[in-house]
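>>> Provide a 3D model corresponding to the input given below.
(one chain, ligands or ions: 1)
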Amino acid sequence: MQDVELVERFSILGDWKGATPKVTRVLIGVVFDIVEGFFGKKLDRPVLITNYPSADHPVACYAIKDGCYQVNLSVSSGLNWCQIVYQLAHELCHLNSNYAESVGHKYKWLEESLCEMCSVAVLVVLGKRWDKTGMYKYGRKYGASVRKYVESLPSMKGYMPENTSAYAIWFDSNVSALEGNSEIRELNGVVASYLYKNVFSVCPAAWCCVGALNKWDCHQDLTFTSYKESWREQCGDSVEVNEILNFL
Ligand SMILES: [Zn+2]
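Numbers count the residues shown, from 1 in each chain. Okay, here's the model as predicted:
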């Protein structure tokens, strides 16, 4: 018997300026497919995705509504597919990394950075696979635009530590800023592109470690070293988590 999807994975609400709802649904479905491929699982509840074109930034709300996660995007046009993918992939990474299970701790900057990396990784996959997705018929040349968009992202154009020693020096001078504010996009982008280049682009199995974040009380970790040890333990000291931690 074939698997029947009894519950829709998402609903779309809000203002998707200029877009045909059917096409937006196909695009969002493609993003879900790619993210599910990374984490090797589906989310445990559906997602209500609302677009607010004039909002300052997208957000994954902590509150559950009608049994659903709530993700608010801030995409200026429903026809800006790359921006939709970029924002949605980031927020779906929060949902997949148990964002609401341990909140307000000072290591949230790592989750933020990994969510930035998820946007990059999803766009890279989409750029490669565009012609094989359900979106191809709506934009036969759009795969090239996706590839160009990835290259233009600030996180891909910013500072890239060339090795672990360069990263350690960068980290020492930025750790207090990161721990004081988890969302400094320029800093998140450095961690994101560095980890993507060195680990996740070559070892996609590392995504399962991101799926283990926040599953312990992160407030008990008084230092980043202790936080990393808790993460290592949560992942059962796996090859993948050790590969990531070698670079942090
Ligand atoms: Zn975020």
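
>>> and for the lowest-mean-pLDDT helix or strand in the chain, what are the contacting residues?
The least trusted helix or strand in the chain, going by mean pLDDT, DSSP states H and E, turns out to be helix 154-157, with a mean of 88. With CB atoms under 8 Å, 6 or more residues apart in numbering as the test, helix 154-157 has contacts from 116-117, 120, 150-151, 185-186, 188-190, 192-193. Where you see a C-beta, it was placed from the backbone N, CA and C, and this is true even at glycine.

>>> gap between it and the chain center?
On the basis of CA atoms, centre = their mean, to the nearest Å, helix 154-157 sits 15 Å off its chain's mean C-alpha point.

>>> That helix and the ion in contact?
No - if you take CB under 5 Å from the ion as the test, helix 154-157 misses the ion, and the best it gets is 12.8 Å.

>>> Number the residues from 301 up from this point.
Shifting the count to begin at 301 puts that one at helix 454-457.

>>> what's in contact with the helix or strand just after that helix?
Once the chain leaves helix 454-457, the next helix or strand it forms, by DSSP states H and E, is helix 464-480. The contact list for helix 464-480 (CB under 8 Å, 6+ apart) reads 406-407, 409, 459, 461, 484, 487, 490, 494, 524, 546-548.

>>> What average pLDDT does helix 464-480 get?
Computed over helix 464-480, the mean pLDDT rounds to 98.

>>> and it, which residues are buried?
For helix 464-480, the neighbour count (16 or more other CB atoms under 10 Å) marks 467, 470-471, 474, 478 as buried.

>>> Now for Leu313, how many residues are close by?
12 (other CB atoms under 10 Å).

>>> for it, what are its contacts?
Leu313 touches 348-351, counting by CB under 8 Å, 6+ apart.

>>> ditto for Ala400
362, 514.

>>> again, only this time at 6 Å
Contacts here follow CB atoms under 6 Å, 6 or more residues apart in numbering; on that basis Ala400 touches Tyr362.

>>> does it sit in a helix, a strand or a coil?
coil (DSSP: H, G, I helix; E, B strand; the rest coil).

>>> ok, and the most crowded of the contacts of helix 464-480?
Counting neighbours by other CB under 10 Å, the top entry in those is Tyr494, with 26 neighbours.

>>> Before we move on, what's the pLDDT of that residue?
At Tyr494, the model reports a pLDDT of 97.
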